[in-house]
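> okay, predicted coordinates and the sequence, questions at the end:
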Amino acid sequence: MKLFRIKSIITIFIFSITLSCEKVEKVEDPYPISEIEFTFLQASNKVYISVKALKGYQGFTLDSILVLWQGTSISDNADTLKLLDDGTMGDLISKDEIFTRKINNDITNLKNIIPLKDADSVFLSILGVYNSKLLEISSAFILGNRRPIFLSVSAPDTVNKPTKNEDGSINADKYYVKAKVEDPNGPDDLKRVFFRSYHVGLDSMMNGGNPILLFDDGGGDEGSGDAKKSDGEFTRLLSIPFSAETGTYYWTFEAQDISNAYSTSIKRTLIVQ
């Protein structure tokens, strides 16, 4: 009887061990590539890409992190870019497992540049090279709001200060100021086009620092001076006031969209003599 009880205890113990072993699950390595980020830096016309990548995966060591950059067309032949974790080329902190690249959006650096207009999304893949093991993640990013773009600016470079006639009336020449502007999100996204005037010698803003608006309203010479409504060319027919000081002026042109994003500013120099 005692022997039977001992055998039973041993059997239960072995069975318990077997059950415990069956419950042990193999711990998988976390997928090593995550947190893919893309930003189009419109002001500087640069592409910024970053990704978090672990240094090891399933016994393999990370060799490199690459971007297969397709730009705005998924069918294009990709540019191959190496992301860095050494504190250079846009990477902020060395060896923090955040691999980064900041690159100029131009044909000297990329075949697949982001065009200034008519682009909604970009496509890229992250390729992690872990010894002989390749890991790939494909991603698409919506570009979202795009800033307005100046195609051209036309303004006089030298004008004469108005004079008074014998009868006291002002004799002032009129000048056209024009700017051709596009918004990649469509013409309805443009909020305003304008310039500000700064007198260099006086070190002060003219017109109280307020913007001088250009119009695309087809107002003609009896109004704004704009020849054709909604053609993307913004115009102002103006004359230099009699009270204007002679000297050098800087005219700084800007365009603003509905989201309050501003274009790159364009500067012209005007001499009033």
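All right, it came through fine. Residues are numbered from 1 along each chain as shown.
> contacts only, for residue 195.
With contact set as CB atoms under 8 Å, 6 or more residues apart in numbering, residue 195 has these partners: 155, 177, 211, 212, 214, 251, 252, 253, 254, 268. Every residue, glycine included, has its C-beta placed from N, CA and C.
> among the residues you listed, which one lies nearest to residue 76?
The closest of these to residue 76 turns out to be residue 254 (CB to CB; 33.3 Å).
> correct me, but residue 36 touches residue 51?
Yes - contact status for residue 36 versus residue 51: in contact at 4.9 Å, counting by CB atoms under 8 Å.
> pick out whichever of these two has more residues nearby.
residue 51 (23 against 18; other CB atoms under 10 Å).
> how about the contacts made by the more buried one?
33, 34, 35, 36, 37, 65, 83, 98, 99, 126.
> buried subset of these?
Buried members of the contacts of residue 51, scored by 16 or more other CB atoms under 10 Å, are 33, 36, 65, 83, 98, 99, 126.
> any idea which element the second one lies in?
When secondary structure is defined by DSSP states H and E, residue 36 falls within strand 33-41.
> following element in sequence after that strand, please.
Using DSSP H and E, the first helix or strand after strand 33-41 is strand 46-53.
> nearest to residue 192, of the contacts of residue 51?
Distances from residue 192 to the contacts of residue 51, taken by CB to CB, are shortest for residue 37, at 32.2 Å.
> would you quantify the distance from the residue nearest to that closest one when sequence neighbours are not counted to residue 129?
Of all residues not flanking residue 37 in the chain, residue 50 sits nearest, at 4.7 Å (CB to CB, 6 or more residues apart in numbering). Counting by CB to CB, to the nearest Å, the separation of residue 50 from residue 129 is 17 Å.
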